[in-house]
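*Asks:* Next come a sequence and a model predicted from it.
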Amino acid sequence: MIEWILKLFGKKSSAKQAGTYIDETKLTYVKAENLELGMYVAKLDRDWLDSPFKLQGLNLRTHRDLQAIRSLCQYVYVDHARQSKLSVAAKNSTTGGAYVVGKAPKKLGSFEKEIERASSNYRATGQLINDFMQTVKKGGSIKTQAAKEAVAASVNSILHSPDAHLWLTQLKNKDEYTAQHSLNVCMLSIVLGRHIGLTGQELKNVGLCGMMHDMGKMLIPDNILNKPGELDDAEMAIMKTHTTLGAELLKSSDNMFYGAIETALTHHERIRGQGYPQGLKDADVSYYSNIVSIVDTYDALTSDKPYKKGMTHLEATQVIYQQAGDQFDRVLAAKFIESLGVFPPGCYVQLSDNQIALVLESNEDSKLRPRVMPIMDKYMKPIKEKVINLEKVFVDAKGRPLRIQTVVNPEQYNIDRQKHFDEGIVANGFAMAGM
């Protein structure tokens, strides 16, 4: 607005910020949501001293830069004369090369020490999400501060033990799919964010994006949302409106992170333009939306539906891998699969001595040799729980090499995953191991 007023009156204005004069007649007003890689941000909608940026003026070189500006500002002023040429390569990249991918920090705790707090946090956050959804159905809005506090607690717990939360996301209840799906997407987005080295604030941001991504579904008619069979074309068209409905809903919530609004709108966009609602491509799909879209797809694929059995972990990650570079950012997809591992916490495996075991915690330096708890002997009879670390235990009782042979379906062996959780069997296993 300032630009056209200045032009109208033929006046030149200058502002002094941090010792630099800016000729505002040469700047262009741009909404934060419309910023692109390569643009040079010369002025914010607030003082630079009130921002986390060390210098006045920012060239948007990475998607992280874009998200940082979008999370802070509603609008900015850009100087097109100083636009970077790298935006051409970055915007056309479908390999994820424009993303800044760091290294996962060391775990701050261990599975056995964190699982109780993680369980409490998981239940409380799930209940909060369910409450939000019921409120939205009744025409209410999201209590943003409560959501942010729940996400912050989840981030803290996941930094201590991502494995504890990975295990909890396996405890699926198809009767509570919609709320539980949002809960799992929240947790898994934080797990992926940790794995690629996002900062604490970025983890809170991506967790909130995951939690809020499907809130628009609460504004879809129940007969479509809860239909026991597959949707027809007309019903699917209505279902797809949950993205725009969700974005509008979150805009009405006080102090909602802009990235969460954007993710609600764009988490079904795909990097080659085959998604909806806008058919965005490449860098136009935001950093957080890229993360949430991968996690969203994985949890949906591994969840049971009334009309379809969920895939196994290995089947779902194979789908993600095959679609990387086409539907999903290649680097982020690979990092997500890496963050879960071949044998993620919560899955059941058959060991080389034919015992059936529950995977509890990965070993970061030896992904194929996690900590496991055998629960059945080779005759499929229940045995006394005891956690063993395959990174340290290399042979079985007869001196033969001990390793994981294959992943198994727990239902095939009448294993009740929820029972293992509810009855504290895991805690007993750690106690028996003297850990």
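*Replies:* Ah, there it is.

*Asks:* only C-alpha atoms for contact and neighbour calcs from this point on.
*Replies:* Noted.

*Asks:* could you give me the average pLDDT of stretch 320-339?
*Replies:* Mean pLDDT, computed over stretch 320-339, is 93.

*Asks:* what comes up buried for that stretch?
*Replies:* Using 16 or more other Cα atoms under 10 Å as the test for burial, stretch 320-339 gives 320-321, 324-333, 335-337, 339.

*Asks:* What of stretch 376-388?
*Replies:* Going by neighbour count (16+ other Cα under 10 Å), the buried part of stretch 376-388 is 376-377, 385-388.

*Asks:* Of these, which is the nearest to Thr125?
*Replies:* Thr125 lies nearest to Val387 out of the buried residues of stretch 376-388, by Cα to Cα, at 28.3 Å.

*Asks:* Report pLDDT for that closest one.
*Replies:* Looking at Val387, its pLDDT stands at 88.

*Asks:* Please report the distance of Asp60 from Asp304.
*Replies:* Let me fix one detail, which is that residue 60 is Leu and not Asp. Noted for Leu60: a distance of 41 Å to Asp304, by Cα to Cα, to the nearest Å.

*Asks:* for the protein, which helix is longest?
*Replies:* helix 111-137 (DSSP state H).

*Asks:* name the helices or strands packed onto whichever helix or strand comes after that helix?
*Replies:* Per DSSP states H and E, the first helix or strand lying C-terminal to helix 111-137 is helix 144-160. When contacts are defined as 3 or more Cα pairs under 8 Å, 6 or more residues apart in numbering; DSSP states H and E, helix 144-160 sits against helix 111-137, helix 177-195, helix 200-212.

*Asks:* one more time with 6 Å
*Replies:* helix 200-212 (3 or more Cα pairs under 6 Å, 6 or more residues apart in numbering; DSSP states H and E).

*Asks:* For the stretch 51-200 of the chain, which residues score under the pLDDT cut-off?
*Replies:* 54, 84-100, 175 (pLDDT under 70).

*Asks:* re earlier: may I ask which two of the buried residues of stretch 320-339 are separated the most?
*Replies:* Farthest pair in the buried residues of stretch 320-339 (Cα to Cα) is Asp326 and Ser339. Separation: 20.6 Å.

*Asks:* Could you tell me the angle between the longest helix of the chain and helix 144-160?
*Replies:* Angle between the axes of helix 111-137 and helix 144-160 is 160 degrees (criterion: axes from the mean of the first three to the mean of the last three Cα atoms, to 10 degrees).

*Asks:* tilt between helix 111-137 and helix 177-195?
*Replies:* Angle, helix 111-137 to helix 177-195, by the same axes, to 10 degrees: 130 degrees.

*Asks:* Next, the buried residues of helix 111-137.
*Replies:* Judged by neighbour count using 16+ other Cα under 10 Å, the buried positions of helix 111-137 are 111-112, 114-115, 118-119, 121-122, 125-126, 128-130, 132-133, 136-137.

*Asks:* what sits against the nearest residue to Gly216 once chain neighbours are set aside?
*Replies:* Nearest residue to Gly216, sequence neighbours excluded (Cα to Cα, 6 or more residues apart in numbering): Gly246, at 3.5 Å. Contacts for Gly246 (Cα atoms under 6 Å, 6 or more residues apart in numbering) come out as 215-216, 264.

*Asks:* okay, the residues you listed in CSV with secondary structure next?
*Replies:* Putting the contacts of Gly246 into CSV (DSSP: H, G, I helix; E, B strand; the rest coil) gives the following:
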residue, secondary structure
Met215, helix
Gly216, helix
Ala264, helix
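
*Asks:* need the contact list for Leu351.
*Replies:* Leu351 makes contact with 403-405, according to Cα under 6 Å, 6+ apart.

*Asks:* Out of those residues, who's the most crowded?
*Replies:* Of all the contacts of Leu351, Ile404 has the most neighbours under the rule other Cα atoms under 10 Å, reaching 21 neighbours.

*Asks:* give me every residue that touches that one.
*Replies:* Contact analysis of Ile404 by Cα under 6 Å, 6+ apart lists 351-352.

*Asks:* can we see that at 7 Å?
*Replies:* Applying Cα atoms under 7 Å, 6 or more residues apart in numbering to Ile404 gives the contacts 349-352.

*Asks:* ditto for Glu235
*Replies:* Counting by Cα under 7 Å, 6+ apart, Glu235 has contacts Ile224.
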